[in-house]
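Participant: coordinates for the following, if possible.
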Amino acid sequence: MEQGVIVLKKQVTPQAIPVRRKPLLLYLADLYHDYLPTRQHVPLGIGYIASYAISMLGDAVQIELFKSADRLLDRIESQPPDLLGLSNYTWNVELNQRVLREIQSLGAEIPVFMGGPNIKTDDRGILAFLQGSPFVDRYILYAAEKPALEIVQGMLSCPEGASAKRYLRGLNLSSSHTLVDGVLEGGSEVGSERALDHLPSPYLTGLMDPFLKEGALPIIETNRGCPFSS
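Facilitator: Numbers count the residues shown, from 1 in each chain. Below is the predicted model of the structure:
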């Protein structure tokens, strides 16, 4: 990855899925503190992202899901992914940052996108978060299935030998935010979709099975977005 660097003079728009010699390896993590024995819930959010991406991209992408920070780091050390996505909540914000620092110490250049509600949603708040999180290359606000799919589609076109992190930041995407030379770029899809039938069930696709077998609690999504907002 580090042998050659492509400096993007302009942002690039994802094209049709190119032919790759191997699938794009994507790790999605909804991390929790597991130093005390407790039953956690399944990672339903990243399960929806994974099931939707697989339904749209098929064999072009290979996705692995994680709840444990230790398991994620062990897997990255043995097989670094092409792309990493992290869920950002109040209870794991510091854990995410610790994991990202550990990844840097491994010397692997892994492009990272993040999503979740633990961020101020105005431009000043997004800018401050990204400035304080230098290892995060793009941030998704609100529902993440379609924006994450756009990110994966964009990274499918990343040339071999290019800086994958620089390439991710250079993608011309209006559904996620990034910093380009210190300037906030991108945007967000504010409207919440009410019809979600296009999202395959993470349960029926088997993505939740490994977590259920370990005793994780199943959860379901009964509504999306704030029911009191217009």
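Participant: from here on, just use CA atoms for contacts and neighbour counts.
Facilitator: Will do.
Participant: next SSE downstream of the helix or strand where Glu77 lies?
Facilitator: Glu77 belongs to helix 69-78 when assigned by DSSP states H and E. Note on helix 69-78: by DSSP H and E, the next helix or strand toward the C-terminus is strand 83-87.
Participant: so what strands line up beside that following strand?
Facilitator: Its sheet considered, strand 83-87 pairs with strand 24-32 (parallel), strand 112-115 (parallel) by DSSP bridges.
Participant: any idea how many residues pack against Ile49?
Facilitator: By the measure other CA atoms under 10 Å, the count of residues near Ile49 is 23.
Participant: low-confidence ranges in the chain?
Facilitator: Scanning the chain for pLDDT under 70 picks out 1-21, 36, 190-194, 225-230.
Participant: at the geometric centre of it, which residue sits there?
Facilitator: Gly85 (2.3 Å; CA atoms, centre = their mean).
Participant: ok, now how distant is that residue from Leu25?
Facilitator: 11 Å (CA to CA, to the nearest Å).
Participant: next one: Leu179
Facilitator: Here Leu179 is placed at a distance of 24 Å from Leu25 (CA to CA).
Participant: also Asp34?
Facilitator: The spacing between Asp34 and Leu25, counted by CA to CA, is 25 Å.
Participant: which of those two has more neighbours?
Facilitator: Leu25 (17 against 13).
Participant: all strands of this protein, in order?
Facilitator: 24-32, 61-68, 83-87, 112-115, 138-140, 177-180, 183-186 (DSSP state E).
Participant: of all those strands, which lies closest to Leu156?
Facilitator: Judged by CA to CA, the one of those that comes nearest to Leu156 is strand 24-32, at 6.7 Å.
Participant: quick check: angle from that closest one to strand 61-68?
Facilitator: Between strand 24-32 and strand 61-68, the angle comes out at 20 degrees (axes from the mean of the first three to the mean of the last three CA atoms, to 10 degrees).
Participant: helix 69-78 and strand 24-32, what's the angle between them?
Facilitator: Going by the same axes, to 10 degrees, strand 24-32 is angled at 160 degrees with respect to helix 69-78.
Participant: counting neighbours, which bits of stretch 71-79 end up buried?
Facilitator: Leu72, Leu73, Ile76 (16 or more other CA atoms under 10 Å).
Participant: can you lay out those as TSV showing distance to Pro202?
Facilitator: Formatted as TSV, those follow (distance: CA to CA, whole Å):
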residue	distance to Pro202
Leu72	20
Leu73	24
Ile76	23
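Participant: let me know the closest of those residues to Leu207.
Facilitator: Leu72 (16.3 Å).
Participant: now that closest one, nearest residue through space, not along the chain?
Facilitator: Of all residues not flanking Leu72 in the chain, Phe66 sits nearest, at 6.2 Å (CA to CA, 6 or more residues apart in numbering).
Participant: now Ser133
Facilitator: Using CA to CA, 6+ apart, the closest residue to Ser133 is Gln97 (7.5 Å).
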